[in-house]
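> just coords:
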Ligand SMILES: O=C(O)[C@H](O)[C@@H](O)[C@H](O)[C@H](O)COP(=O)(O)O
């Protein structure tokens, strides 16, 4: 983490401008990666700003030159619910983006009809990443909770210390309770990490996440446990895409 470049912050007028900026930047990254001969792996997030972003990507994609059959899609976390549940991140992403752009390499986390329990779903997602994953993601996109969580890594929860690739959560403070999440270690195997944060309700979490890093390692770890968004960083860049409301306590 410490060898990652310092985070960059962009502040946009509101959620729509934020979503348009993220969508344009993502399509540009995917096109550049494909031009460089890579098949980019992108990690989608759940949450409300993600809906705006997904719809903007779908709207702007036709002019981008991105071949979505050569994009590999993953999620940073997923709720362990029925496949048709409105709570499923993949359901919304398919409706808002993936079906519209014709993505064909999409790796969903198992739902309650595909796995007997959330631990099995986490294990299956781990196996999928080992088989179909790349050394590093191109871009990891993450929403941030008002408590500073990212993916399904919540303040003070044991999953913050998990090694490996995936973890199961059975008592999420954000409903629904059962989820599968990538670990910090796997989330951070990425060229770029983008935090997508909109609204006054996230302003404290953003300020806590972007507070300076203490020199002391133990103090750094304590801050990361309080605000998990401090624990993610890209190897080449970390960008906070904010709006005026979520940036208002900086
Ligand atoms: O599956 C999830 O719930 C998300 O991945 C979660 O990490 C989300 O991104 C944040 O909770 C922000 O969500 P909101 O933007 O809806 O506040």
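Here it is on my side, so go on. Quantities reported herein were computed from a predicted structural model and do not represent experimental measurements. Numbers count the residues shown, from 1 in each chain.
> from now on I want contacts and neighbour counts done on CA atoms only, so please keep to that.
Fine.
> ok, residue 150 to the ligand distance?
Here residue 150 is placed at a distance of 4 Å from the ligand (C-alpha to the nearest ligand atom, to the nearest Å).
> spell out which residues of the protein are next to the ligand.
Taking C-alpha under 6 Å from any ligand atom as the measure of proximity, the chain contacts the ligand at 45-49, 77-78, 142-145, 150-152.
> redo that, cut-off 8 Å
Listed as neighbours of the ligand in the chain under the rule C-alpha under 8 Å from any ligand atom: 45-50, 76-79, 88-89, 142-146, 149-153, 174-175, 179, 197-198, 202.
> now, of those residues, which are buried?
45-47, 49-50, 76-79, 88-89, 142-146, 149-153, 179, 197-198, 202 (16 or more other C-alpha atoms under 10 Å).
> check the burial of residue 8 by counting its neighbours.
A total of 12 residues lie near residue 8 under the criterion other C-alpha atoms under 10 Å.
> now do the same contact list for the closest residue to it other than its chain neighbours.
Distance criterion C-alpha to C-alpha, 6 or more residues apart in numbering; nearest residue to residue 8, sequence neighbours excluded, is residue 239 at 4.7 Å. Contacts here follow C-alpha atoms under 8 Å, 6 or more residues apart in numbering; on that basis residue 239 touches 7, 8, 9, 10, 192, 193, 194, 195.
> check which helix or strand the fourth one maps to.
This points to residue 10. Under the assignment given by DSSP states H and E, the secondary-structure element containing residue 10 is strand 8-12.
> repeat that for the fifth one.
Using DSSP H and E, the secondary-structure element containing residue 192 is strand 190-197.
> after that strand comes which helix or strand?
The first helix or strand that comes after strand 190-197 along the chain, using DSSP H and E, is helix 203-210.
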